[in-house]
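Q: just a sequence and a predicted model for now, questions to come.
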Amino acid sequence: MPVTLAELARRFGAQVRGAGETQITGVADLERAGPGQIAYVGDKSHRRRLGTSAAAALILNATDAAAHRGNALVVDNPQLCFAHIAAFLHEPVRNATGIHARALVDATARIAPTAVIGSDTVIEASAVIGVDVEIGPGCYVGRGAEIGAGTKLIGHVWIGANSVLGCRCVLQPGVIVGSDGFGYVLDGERWVKVPQLGRVVVGDDVEIGANSTIDRGALNDTTIGDGVKIDNLVQVAHNVRIGEHTAIAACVGIAGSTVIGKRCAIGGQVGITGHLSIADDVRVLAKSLVASSIVAAGTYSSAIRTEPAASWRRQVVRLKRLDETEQRLRQLEKEILSLKRGT
Amino acid sequence: MPVTLAELARRFGAQVRGAGETQITGVADLERAGPGQIAYVGDKSHRRRLGTSAAAALILNATDAAAHRGNALVVDNPQLCFAHIAAFLHEPVRNATGIHARALVDATARIAPTAVIGSDTVIEASAVIGVDVEIGPGCYVGRGAEIGAGTKLIGHVWIGANSVLGCRCVLQPGVIVGSDGFGYVLDGERWVKVPQLGRVVVGDDVEIGANSTIDRGALNDTTIGDGVKIDNLVQVAHNVRIGEHTAIAACVGIAGSTVIGKRCAIGGQVGITGHLSIADDVRVLAKSLVASSIVAAGTYSSAIRTEPAASWRRQVVRLKRLDETEQRLRQLEKEILSLKRGT
Amino acid sequence: MPVTLAELARRFGAQVRGAGETQITGVADLERAGPGQIAYVGDKSHRRRLGTSAAAALILNATDAAAHRGNALVVDNPQLCFAHIAAFLHEPVRNATGIHARALVDATARIAPTAVIGSDTVIEASAVIGVDVEIGPGCYVGRGAEIGAGTKLIGHVWIGANSVLGCRCVLQPGVIVGSDGFGYVLDGERWVKVPQLGRVVVGDDVEIGANSTIDRGALNDTTIGDGVKIDNLVQVAHNVRIGEHTAIAACVGIAGSTVIGKRCAIGGQVGITGHLSIADDVRVLAKSLVASSIVAAGTYSSAIRTEPAASWRRQVVRLKRLDETEQRLRQLEKEILSLKRGT
């Protein structure tokens, strides 16, 4: 159902400019927005296209609003306001309600009456499913696991025994929570498995991306703090602890027992070795290797950008001869010294 | 059922050499091929073993054929001919036909009469499944998704709402298409989710490897061009666009809104950051980081090969002192200049 | 049920120190262990906390035992003994027995009477499931696949047609075994699929981590040796062969036809390109790229650790100018030579 621009302004704390009675039915990209749609202006590339948008209204900050003649919502943070309005106007369609006839729910599991359980989803003994939880088709919730109020498992998600998920989490398809950690001890040349007995404990408002894996702790727990956002294909090993509001991009691997601070931003394909400690507010750029603890907030990197392969090969040859370069430098320094003495 | 060498030649445009009536029942590796089997000669290592093969016939080019006395199919591209013959002789066994009694198909979904739907597969409302589509067990096809003619979802595949797959695609087990992109905006220290409203649109003849993930667009679509081949455990973020016939090896991560050209070859574990543009016919070598746009065709790299750890550690120490090296060089240059002036 | 310290000593070949009649009910971390719990002392950080543990008993070596006054089991390798005792005291709860009413087992599959098959699991024609095999919910076992005695597929696991798994393996959730390899040949600008006809053959005592993928061979087989341990999100391409007792950490990618030796240790996020041969007892450090064969045992690396991004950027600028640095060095060497001649 459409809503007026004025009503959106009231709900989301914006100032209206222009025709408050304009009906808004949905959000769109600045370039593609047409009648009934609202877009936002968030960066330079948007600003350049400001004049050409056919959107019914724009969300922008006061500075940009000065340069715009059409309908607008004026706010401090247009992207944030846009996110709220998009969520309001585009509430996801619920595929189902209640417990599907083809869900398999153990008699000892406690399921809130408002929870939704999809087809072919298994809920094992003693599991606890909170109010308004939505569990899609083909999921598994292990013995004794707890899923907090409002959390969504989109589908094909695996939650191992005794895992704990907080409230309002979203787990994308294919996520594995509570798989065994990679713990073995050598007996001669053979690896003997160290039983993995800990849990995964996930806070509130956590999102985990498709096909990411979170191992259970070995003895103690693997813990993911409130508000943490994890992208696709991320590996979180046993006993890792991730601080509140940290964001982790795709394809990151975090090895066992590492502790990551609050509000960190870990770039895509970053690797973090085990038993490290990363301070709060650390930013690691894409594809870097963190192999020792980081004690101070700041931005860290160790990745190198591509260049044409032929010139890169030459750089690598030089790199691999830096030892020799060092020796030649020392030799030159000696010779200059003796020349200077000689003169 | 066996087929004669002559018949294979006729079907696949090859010239027969030797006994055209030879019965061929299957393909094999040059080294292991025996009676009834056909192998191909594609590279030097094959060529070396040419004389020793017990294959009933070989597929080779004219040059290699001159050095071979046995039965043969002579073609320009032996590996390509081999691929066609292998597909012809080894058609995959169909596990099932029709809609499995344990599939869950919404009454409003449109399923072609020749489509196969596996057990415990869910087809949501308004989905459209084309002719000869094969969907294995344990798949999910979301509301309004469209699957083109002849496409196969091998099994345990997740297709999110409104995704579009072209014709003759193959999605290996565990593939996720249409998961939410990683889009958040900060509100103080908290991340607020930006609703992900776009689709994934996949062209014809695309193959996606096991456990790879393709996120839906944020507002517009994530698009995969015709003929694109994606290996296992690859991450394609929201709003990425991949040009026709590009091949992407395993464990690659492509960040949001990046546009990749046609006929590119992206090596394993390559990372490509967001909002970039990669030209057509670009080749990126394994494990490189692409962090700025590439405007010209060619081969690019930034990866370094292993060496013994002890010597590598020394190189890294030198690398991390390159600033100091530079200063020493400058100092030497100055001193030489003054020596030259002095003399 | 609790067991006495003396009984544990007898079972696991340890010497008892202190009260052998002490009842032990479980294992715990040294720091958290309380009454009834046994912990172990395995490294320096443990040793420091030796005096403060409230554990009912400790497992330690003779040296550490000398410094400890409480109950103890004295052994050569405390961590190994701990692993055995943990497995003994914490046997996993079986969720089910027999064939679930909602499993789909083909009439021609051969299932040992002691095997467990979970709900919504599909066993195709001619598959062979050995004694004491446990297959969790939502798994798929393809036509003609063989699962050896005592092997566990935890759940949501995909085993492709004709795959062979040995005895006592453990496959974590989301594992894909037997997906098609990434094999294509160019026909002009189009990729033509090379049919993937080989198998995956996995030895005994292999463990494969969550969401890892093992491709079937193209013509011959992909093989994983006895005792190999593979962590989460690892990609093993077609025709790879991995030697016995090799351990592979998370997010590793191994390209096609590469052969890895016995007892290797491959660090997290390592990439190994195709058609290589890696010797026995090779250790590759995290995030390295192996792009040529390794013929000798030893430790190898090519990764660089993070540093603050600002200084790293300077190093990279220097790195990219190494060609210029080399030229300046040569120039200096020439000038010094002529200066020396001049003097």
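A: Everything's here; your move.

Q: how many other residues sit next to A:K152?
A: Using other C-beta atoms under 10 Å in any protein chain shown, A:K152 is surrounded by 20 other residues. C-beta coordinates here come from the backbone N, C-alpha and C atoms, glycine included.

Q: check the gap between it and A:G20 for me.
A: 34 Å (C-beta to C-beta, to the nearest Å).

Q: show me where pLDDT drops low in the stretch 1-150 of chain A?
A: Residue ranges of the stretch 1-150 of chain A with pLDDT under 70: A:95-96.

Q: where does it come near chain B, residue by residue?
A: Residues of the stretch 1-150 of chain A lying near chain B by C-beta under 8 Å from any C-beta of the partner chain: A:27-29, A:32, A:77, A:79-80, A:82-84, A:86-87, A:90, A:93, A:95, A:102, A:119-120, A:136-138.

Q: could you rerun that using 7 Å?
A: Within reach of chain B by C-beta under 7 Å from any C-beta of the partner chain, the stretch 1-150 of chain A has these residues: A:27-29, A:32, A:79-80, A:83, A:86-87, A:90, A:93, A:95, A:119-120, A:137-138.

Q: PyMOL command to pick out the buried ones of the residues you listed?
A: Applying 16 or more other C-beta atoms under 10 Å in any protein chain shown to the residues of the stretch 1-150 of chain A next to chain B, the buried members can be selected in PyMOL as follows:
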select buried, chain A and resi 27+28+29+79+80+83+86+95+119+120+137+138
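
Q: narrow the residues of the stretch 1-150 of chain A next to chain B to those in strands?
A: Of the residues of the stretch 1-150 of chain A next to chain B, the ones assigned to strands by DSSP state E are A:V27.

Q: chain C next: which of the residues of the stretch 1-150 of chain A next to chain B are close?
A: A:120, A:138.

Q: now go through the residues of the stretch 1-150 of chain A next to chain B and say which are in helices.
A: With DSSP state H as the criterion, helices contain A:79-80, A:83, A:86-87 from among those.

Q: and the residues of the stretch 1-150 of chain A next to chain B, which is closest to A:T63?
A: The closest of the residues of the stretch 1-150 of chain A next to chain B to A:T63 turns out to be A:Q79 (C-beta to C-beta; 14.6 Å).

Q: contact residues of the stretch 151-300 of chain A facing chain C?
A: Going by C-beta under 7 Å from any C-beta, the residues of the stretch 151-300 of chain A near chain C are A:158, A:174, A:176, A:179-180, A:182, A:184-185, A:187, A:189-195, A:197, A:211, A:213, A:215, A:219-220, A:233, A:235, A:237, A:253, A:255, A:271, A:273, A:284-285, A:288-292, A:298-300.

Q: which of those residues count as buried?
A: Taking 16+ other C-beta under 10 Å as the criterion, what is buried in these is A:158, A:174, A:176, A:179-180, A:182, A:184-185, A:191-195, A:197, A:211, A:213, A:215, A:219-220, A:233, A:235, A:237, A:253, A:255, A:271, A:273, A:284-285, A:288-291, A:299-300.

Q: show me where the stretch 1-150 of chain A has helices.
A: A:5-12, A:44-48, A:62-66, A:78-89 (DSSP state H, counting those that start in this stretch).

Q: tell me the most buried of those helices?
A: helix A:78-89 (a mean of 21; mean count of other C-beta atoms under 10 Å in any protein chain shown).
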